[in-house]
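Enquirer: Below is the structure, and that's it, no one-letter string:
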Ligand SMILES: Cc1cc2nc3c(=O)[nH]c(=O)nc-3n(C[C@H](O)[C@H](O)[C@H](O)COP(=O)(O)OP(=O)(O)OC[C@H]3O[C@@H](n4cnc5c(N)ncnc54)[C@H](O)[C@@H]3O)c2cc1C
């Protein structure tokens with residue numbers, strides 16, 4: 001068993017560390033804070049652009065898309081160095097991690113230049129329009145429809161319907177929107193994907209507060225009324241949007257466990273247990289953190305060998321998101337009424353990270369629920385594990 005990285009991977013790490021030491025913005029430059037997942041302050045745009053230009057934004061990408069064709073293990077140490085310093089590459093994570101990635105996988109070369117590159121260079125921000133009031137876990141039930149039209153200005157779609165939970169939509173320039181284009185086909189087969197600029201006539205965005213904080217405006221309802229979308233904004237083939245959907249979620253899930261492992265590690269650092277019971281809970285936190293890293297390392301080794309094992313990512317997502325939730329719950333109980341003090345600082349200030357990750361313990365506990373819902377709920381992950389890993393029969 002090899003528990004250390006090869007010399008080439010460590011050399012890659014050293015090069016990135018030298019880059020960070022030289023270029024990281026200092027605290028005074030980062031005063032302006034991000035208010036939503038598509039609100040990227042000027043300094044954060046410059047930072048993302050710098051990473052893009054040096055091939056450090058998404059190192060697995062080719063240089064023209066902000067990378068340097070890095071191997072899976074090199075990508076891992078890159079993520080490790082960022083998380084160790086509590087640094088984000090981008091304050092528009094779904095734009096960079098899901099939407100640009102989907103366009104690079106499924107889009108035309110024109111779409112890559114017109115949309116993906118500006119998103120990666122932080123010249124544009126993007127949000128993800130999948131969920132609807134009647135289509136969340138069962139995304140294939142979505143009803144927002146796009147009907148082909150044509151007039152003197154050319155071919156286009158006309159879009160009508162509603163999305164919900166669209167994180168950051170009120171600050172985004174464009175929405176990757178899943179729409180029904182063939183109402184007569186079986187539900188997975190009549191879906192397509194459109195890039196819809198948010199300034200298109202007929203698009204209305206209504207931000208609404210999260211349960212954890214009235215000031216936290218990230219979620220949106222988005223309404224489409226007779227919205228005209230040029231045909232060249234269709235991503236992937238007509239009626240084959242389900243492939244893009246599973247690809248998009250794949251992009252989302254592959255990296256997810258690392259985020260939970262980092263949060264567990266941060267909780268380990270921020271939690272100061274006192275007394276036998278709290279030390280016991282602290283030990284549980286340490287064990288779950290280690291278990292996640294070990295299982296994650298197995299998945300990483302498989303990915304490095306080119307083996308795909310999508311269902312096992314469900315194990316990592318489930319373990320990680322629930323361990324973070326359990327741990328923050330324990331820390332909140334241990335803090336007693338002090339845990340409710342808001343605003344409070346429960347971890348070291350990290351200017352290149354979201355403030356909520358070191359807010360009050362109550363805030364951190366409340367926000368931990370999001371991870372057990374977004375990207376596929378815990379129940380859906382359990383269904384995947386039951387059916388595709390354990391081979392249990394459906395009831
Ligand atoms: C922080 C956050 C950010 C989000 N950002 C976005 C975004 O940017 N864009 C976007 O499109 N969406 C976004 N979402 C929405 C997210 O994708 C949905 O909330 C999620 O898919 C669940 O759908 P739902 O809320 O409609 O719940 P439902 O699907 O209605 O589920 C309700 C409950 O029933 C359970 N359930 C449903 N089906 C089954 C089943 N078959 N077996 C067992 N139990 C089941 C669920 O687990 C859940 O507990 C976000 C959500 C969160 C929490």
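Expert: Alright, I've got the coordinates. Note that the coordinates shown come from a computational prediction; the quantities given were computed from them, not determined experimentally.
Enquirer: mind listing the strands in this structure by residue range?
Expert: Per DSSP state E, the chain carries strands over the ranges 126-129, 145-151, 154-164, 174-180, 191-197, 203-210, 213-230.
Enquirer: tell me, which of the ones you listed is the model least confident about?
Expert: Least confident of those, judged by mean pLDDT, is strand 145-151 with a mean of 90.
Enquirer: What are the buried residues along that one?
Expert: By neighbour count with 16 or more other C-beta atoms under 10 Å, strand 145-151 contains the buried residues 145, 146. For the C-beta atoms, the positions are set from N, CA and C on the backbone; glycine is no exception.
Enquirer: That one packs against which elements?
Expert: strand 154-164, strand 174-180 (3 or more C-beta pairs under 8 Å, 6 or more residues apart in numbering; DSSP states H and E).
Enquirer: out of the strands of the chain, which comes closest to residue 136?
Expert: strand 154-164 (8.4 Å; C-beta to C-beta).
Enquirer: Any idea which helix or strand in this protein has the lowest mean pLDDT?
Expert: helix 241-270 (a mean of 80; mean pLDDT, DSSP states H and E).
Enquirer: Quick one: check it for contact with the ligand.
Expert: No. Judged by C-beta under 6 Å from any ligand atom, helix 241-270 makes no contact with the ligand; its nearest approach is 9.2 Å.
Enquirer: what helices or strands is that helix leaning on?
Expert: Helix 241-270 packs on helix 72-84, helix 101-106, strand 174-180, strand 191-197, helix 276-304, helix 310-335, going by 3+ C-beta pairs under 8 Å, 6+ apart.
Enquirer: any low-confidence regions in the stretch 251-395 of the chain?
Expert: 251-255 (pLDDT under 70).
Enquirer: thinking again about what came up before, hey, which of the helices and strands packed on strand 145-151 is tucked in deepest?
Expert: For the helices and strands packed on strand 145-151, the largest average neighbour count (mean count of other C-beta atoms under 10 Å) is found in strand 174-180, namely a mean of 27.
Enquirer: need the residues of this structure near the ligand, please.
Expert: 94, 127-131, 136-137, 165-167, 370, 373-374, 377, 379-380, 383.
Enquirer: Please point out which parts of stretch 51-63 sit buried.
Expert: Those buried within stretch 51-63 under the rule 16+ other C-beta under 10 Å are 51, 52, 54, 55, 56, 57, 58, 59, 60, 61.
Enquirer: Just flag the most distant two among the residues you listed.
Expert: Using C-beta to C-beta, those span at most 14.7 Å, a distance reached by 54 and 60.
Enquirer: Please name the nearest non-neighbouring residue to the residue of the stretch 1-150 of the chain found nearest the ligand.
Expert: Relative to the ligand, the nearest point of the stretch 1-150 of the chain is residue 136 (1.9 Å; C-beta to the nearest ligand atom). Once flanking residues are discounted, residue 136 sits nearest to residue 165: 7.7 Å by C-beta to C-beta, 6 or more residues apart in numbering.
Enquirer: separation between the one you found and residue 134?
Expert: According to C-beta to C-beta, to the nearest Å, residue 165 stands 13 Å off from residue 134.
Enquirer: same deal with residue 344?
Expert: For residue 344 relative to residue 134 (C-beta to C-beta), the value is 39 Å.
Enquirer: Also residue 187?
Expert: In terms of C-beta to C-beta, residue 187 sits 12 Å off from residue 134.
Enquirer: more neighbours, the two?
Expert: residue 187 (16 against 11; other C-beta atoms under 10 Å).
Enquirer: Find the residue closest to the residue nearest to the spatial centre of the chain in space, skipping its chain neighbours.
Expert: Centroid-nearest residue in the chain: residue 94, 4.8 Å away (criterion: C-alpha atoms, centre = their mean). In space, and not counting its chain neighbours, residue 94 is closest to residue 128: 5.0 Å by C-beta to C-beta, 6+ apart.
Enquirer: Report pLDDT for the residue of the chain positioned farthest from its centre.
Expert: Going by C-alpha atoms, centre = their mean, the residue of the chain most distant from its centre is residue 152, 39.8 Å out. Note for residue 152: predicted pLDDT of 79.
Enquirer: Got the phi and psi for it?
Expert: Main-chain dihedrals, residue 152, degrees, to the nearest 10: phi -60, psi -20.
Enquirer: measure it to the ligand for me?
Expert: For residue 152, the distance to the ligand equals 34 Å [C-beta to the nearest ligand atom, to the nearest Å].
Enquirer: cool, residue 289 as well?
Expert: In terms of C-beta to the nearest ligand atom, residue 289 sits 22 Å off from the ligand.
Enquirer: Please work out how many residues are found near that residue.
Expert: That count, for residue 289 with other C-beta under 10 Å as the rule, works out to 23.
Enquirer: Wait, it touches residue 268, no?
Expert: Yes. With contact defined as C-beta atoms under 8 Å, residue 289 reaches residue 268; the gap is 6.0 Å.
Enquirer: now the strands of the chain as a markdown table including distance to residue 324?
Expert: Shown next, in a markdown table, are the strands of the chain (distance: least, C-beta to C-beta, whole Å):
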| stretch | distance to residue 324 |
| --- | --- |
| strand 126-129 | 22 |
| strand 145-151 | 38 |
| strand 154-164 | 25 |
| strand 174-180 | 27 |
| strand 191-197 | 31 |
| strand 203-210 | 17 |
| strand 213-230 | 18 |
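Enquirer: quick one, which of the ones you listed is nearest to residue 239?
Expert: Nearest to residue 239, of all these, is strand 191-197, at 5.9 Å by C-beta to C-beta.
Enquirer: May I have the phi/psi pair for the residue nearest to residue 358 when sequence neighbours are not counted?
Expert: Leaving aside its chain neighbours, residue 358 sits nearest to residue 347 (3.6 Å; criterion: C-beta to C-beta, 6+ apart). With angles defined as degrees, to the nearest 10, residue 347 sits at phi -150, psi 170.
Enquirer: Nothing else from me, thank you.
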